[in-house]
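Peer 1: how does the following fold in three dimensions:
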Amino acid sequence: MPQKPEARGSKLALVMGVVFLLVGLGGVVGSWGAYVTDTNIERSGPRSTGRLVKKLFLGAADGDSDYMLEYTFATSSGQEVKASRSVSKELWASLREGESLEVRYSAANPKRNFPAGAGVTSMGVTIFVSAVASVFAVFGGALVLGFVRRARSEA
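Peer 2: Just a heads-up that it's a prediction; the model follows:
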């Protein structure tokens, strides 16, 4: 027996609701997780002296440019790590290729690292991403809740 168009539409609403809810919750948890991780690295993470391999300037037509650093450093266990990071114009301008720089990193995941002065995910960005992700989560939750209420009323 073929499904009514309303049944297909409500199942699509359920699927979209679950997707929006999961993406929203993932955005909230992910943004705060990144903020807490970077803050902990900044506050008490291991430090290493690295070497600046290359400075890159990536200009864009809209004026939104990126100042990139490519660098290497060794962890306290001796693991050599190659990394690149977008930094402020001021930090980029203050460094020269071949010179040393202080690198802060996560002992559990050395690929999570940044040069001193370029690290912590800003509180403003974290709040903004959380707010946008929360809208997704609330919208998704409303779709799921609507599906559940409609299923109960039809039963």
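Peer 1: least confident secondary structure element in the chain?
Peer 2: Of all helical and strand segments in the chain, the minimum by mean pLDDT, DSSP states H and E falls on helix 5-44, at a mean of 88.
Peer 1: packing partners of that helix?
Peer 2: Here helix 5-44 touches strand 100-105, strand 113-115, helix 123-154, going by 3 or more Cβ pairs under 8 Å, 6 or more residues apart in numbering; DSSP states H and E. From N, CA and C alone the C-beta is placed, and that goes for glycine too.
Peer 1: among these, which comes closest to residue 58?
Peer 2: Closest approach to residue 58 among those (Cβ to Cβ): strand 113-115, 17.0 Å.
Peer 1: ok, back up a step: just how off-centre is the least confident helix or strand of the chain within its chain?
Peer 2: Mean C-alpha position of helix 5-44 versus that of the full chain (Cα atoms, centre = their mean, to the nearest Å) differs by 12 Å.
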